[in-house]
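*Asks:* Quick one, structure for this:
(one chain, ligands or ions: 1)
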Amino acid sequence: MNKTIILKKRPVGRPTLEDFEFQETSVAPTLSDGELLLETKYISVDPYLRGRMSDAKSYVPPFEVGQPISSGVVAEVIASKNTDFKEGDFVSGLLEWKTQQVSDGKGLQKVSKDKAPLSAYLGVVGMTGLTAFLGLHEIGKPKAGETLVVSGAAGAVGSVVGQIGKILGLTVIGIAGSDEKTEMLTSEFGFDHAINYKTTDDMKAAIEKVAPNGIDIYFDNVGGPISDAVLFNINRFARIIICGAISVYNNTETPKGLAVQPFLVKNSALMQGFIVSNYADKFPQAIGQLAQWLQEGKLKYKETVVEGFDNTPQAFIDLFDGKNKGKMVVKI
Ligand SMILES: NC(=O)c1ccc[n+]([C@@H]2O[C@H](COP(=O)([O-])OP(=O)(O)OC[C@H]3O[C@@H](n4cnc5c(N)ncnc54)[C@H](OP(=O)(O)O)[C@@H]3O)[C@@H](O)[C@H]2O)c1
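*Replies:* Below you'll find the predicted structure:
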């Protein structure tokens, strides 16, 4: 039985299970020349998929209602009529939320179980690791001795950003949504300080307390009031990487917040939006460095692994409740 998850309707506000539908077919897919049959092993659920579920204009086209959702997937080749892939190969790529699917092989990368666990190709040595590495380097331009704040710090991107900051000799402050997460950031990932935004009334003062000399780089994964509080603490020539804004992804009205211009002008600061796919030419070099740090034990990673294809929509929804530590993946 082959299962597919389709977008039943566009979520309004917070996504719910009713926005998704399962379809099943018992018809075995047939392969034409050049095609391969893939069996899904791991599915990546990511906050940015929320944007694709709406029909607002963005850097990637929206999902169509009634059509399968797609995201990063690791799959095994179980049959092949494509000379570049053989049965037993593992691949990663942007694929549909299906237990099995036919591909022409375009856009797929072979991955090896011997080099890293298969799920890691969706995280630390995949899209989120690249986002952390390239966002921090290309826009943050980190220099040893500087102070870095990262929000969404206990998640897939944030936990890697902070650790890279430490490798490069920065003082690193993480912001996350539970005491368990802030404890993990300082004790396991080596962050210098971590702040639980859910139990802190005055974020501006809390940041000032741990960064008395101000902030040089802010890696922003969440937007909203947390990011407003960071802006009060930036230094001259600060760099602000706008990687994501999960706190407003489910808003039904245009979010209102701080007017950022005076903060940027006063501090000659740079604020720039970041999209990882704009830096595709730098992927091989970045993956090489991430893999080396992993091997050397300088970089660690966490995953929250949800078992079962049917739990994919719930795993996605759980991102908005912070149920994950590190990368959220679904194991099939
Ligand atoms: N621009 C790009 O190319 C690119 C690529 C990848 C990811 N991103 C963005 O980077 C960010 C992180 O992505 P990720 O894949 O690493 O996800 P993630 O951080 O692993 O998971 C999402 C986390 O967001 C936090 N969160 C949820 N609602 C929040 C709220 N209202 N306020 C503050 N925090 C909230 C939760 O942690 P807490 O428990 O701490 O609240 C949750 O664990 C997202 O905004 C994503 O869209 C951008």
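*Asks:* Ser32 reaches Lys81, doesn't it?
*Replies:* Yes - with contact defined as Cβ atoms under 8 Å, Ser32 reaches Lys81; the gap is 6.8 Å. (Glycine included, C-beta is placed from N, CA and C.)
*Asks:* From the neighbour counts alone, determine which of these two ranks first.
*Replies:* Lys81 (15 against 9; other Cβ atoms under 10 Å).
*Asks:* Contacts only, for that one.
*Replies:* Leu31, Ser32, Asp33, Gly34, Glu35, Leu36 (Cβ atoms under 8 Å, 6 or more residues apart in numbering).
*Asks:* ok, of those residues, which one's closest to Ala286?
*Replies:* When these are ranked by distance to Ala286 (Cβ to Cβ), Leu36 comes first, at 27.5 Å.
*Asks:* Got phi/psi on the closest one?
*Replies:* phi -140, psi 150 (degrees, to the nearest 10).
*Asks:* Beta-bridge partners for it, please?
*Replies:* Under DSSP bridges, the beta-bridge partners of Leu36 are Ser80, Ser103.
*Asks:* and it, how many neighbours?
*Replies:* 24.
*Asks:* That one touches Phe85, doesn't it?
*Replies:* Yes - Leu36 lies in contact with Phe85 (Cβ under 8 Å); the separation is 5.0 Å.
*Asks:* Which stretches in the stretch 1-150 of the chain count as helices?
*Replies:* Along the stretch 1-150 of the chain, the segments classed as helices by DSSP state H, counting those that start in this stretch run 49-53, 127-134.
*Asks:* Ok, which of those helices comes nearest the ligand?
*Replies:* Closest approach to the ligand among the helices of the stretch 1-150 of the chain (Cβ to the nearest ligand atom): helix 127-134, 3.9 Å.
*Asks:* touching the ligand at all, that closest one?
*Replies:* Yes - using Cβ under 6 Å from any ligand atom, helix 127-134 comes into contact with the ligand via Thr128, Thr131.
*Asks:* Who are the packing partners of that helix?
*Replies:* Here helix 127-134 touches helix 156-167, helix 283-295, going by 3 or more Cβ pairs under 8 Å, 6 or more residues apart in numbering; DSSP states H and E.
*Asks:* Within range of the ligand, give me the residues from the stretch 101-250 of the chain.
*Replies:* 128, 131, 152, 154-158, 176-178, 181, 221-222, 226, 243-247.
*Asks:* Quick one: low-confidence residue ranges for the chain.
*Replies:* Along the chain, the model assigns pLDDT under 70 to no residue.
*Asks:* So which residue is smack in the middle of it?
*Replies:* Residue closest to the average C-alpha location in the chain (Cα atoms, centre = their mean): Thr128, at 4.4 Å.
*Asks:* from memory that residue sits against Ser159, does it?
*Replies:* No - using Cβ under 8 Å as the test, Thr128 is too far from Ser159 to be in contact (9.1 Å).
*Asks:* Name the residue of the stretch 201-332 of the chain that lies nearest to the ligand.
*Replies:* For the stretch 201-332 of the chain, Cβ to the nearest ligand atom, closest residue to the ligand: Gly244, 1.9 Å.
*Asks:* Can I take it that that residue is in a strand?
*Replies:* No - going by DSSP: H, G, I helix; E, B strand; the rest coil, the assignment for Gly244 is coil, not a strand.
*Asks:* Quick check: the nearest residue to it once chain neighbours are set aside vs Ser227, distance?
*Replies:* Spatial nearest neighbour of Gly244, excluding adjacent residues (Cβ to Cβ, 6 or more residues apart in numbering): Asn221 at 4.6 Å. Relative to Ser227, Asn221 is positioned 9 Å away (Cβ to Cβ, to the nearest Å).
*Asks:* Report the separation between Ile175 and Asp216.
*Replies:* From Ile175 across to Asp216, the span is 16 Å (Cβ to Cβ).
*Asks:* more neighbours, these two?
*Replies:* Set Ile175 next to Asp216 and count neighbours by other Cβ under 10 Å: Ile175 wins out with 31 against 24.
*Asks:* OK, contacts around Lys143?
*Replies:* Leu170, Asp216.
*Asks:* Quick check: it vs the ligand, distance?
*Replies:* 23 Å (Cβ to the nearest ligand atom, to the nearest Å).
*Asks:* Do I have it right that Ala176 meets His193?
*Replies:* No - with contacts counted by Cβ under 8 Å, Ala176 stays clear of His193, the gap being 11.4 Å.
*Asks:* neighbour count winner among the two?
*Replies:* Neighbour count, other Cβ under 10 Å: between Ala176 and His193, Ala176 has more, with 29 against 19.
*Asks:* wait, what's in contact with Ala280?
*Replies:* Taking Cβ under 8 Å, 6+ apart, one finds nothing in contact with Ala280.
*Asks:* Considering only the stretch 51-200 of the chain, name the residue that lies closest to the ligand.
*Replies:* The ligand sits closest to Gly155 of the stretch 51-200 of the chain, with a gap of 1.8 Å, by Cβ to the nearest ligand atom.
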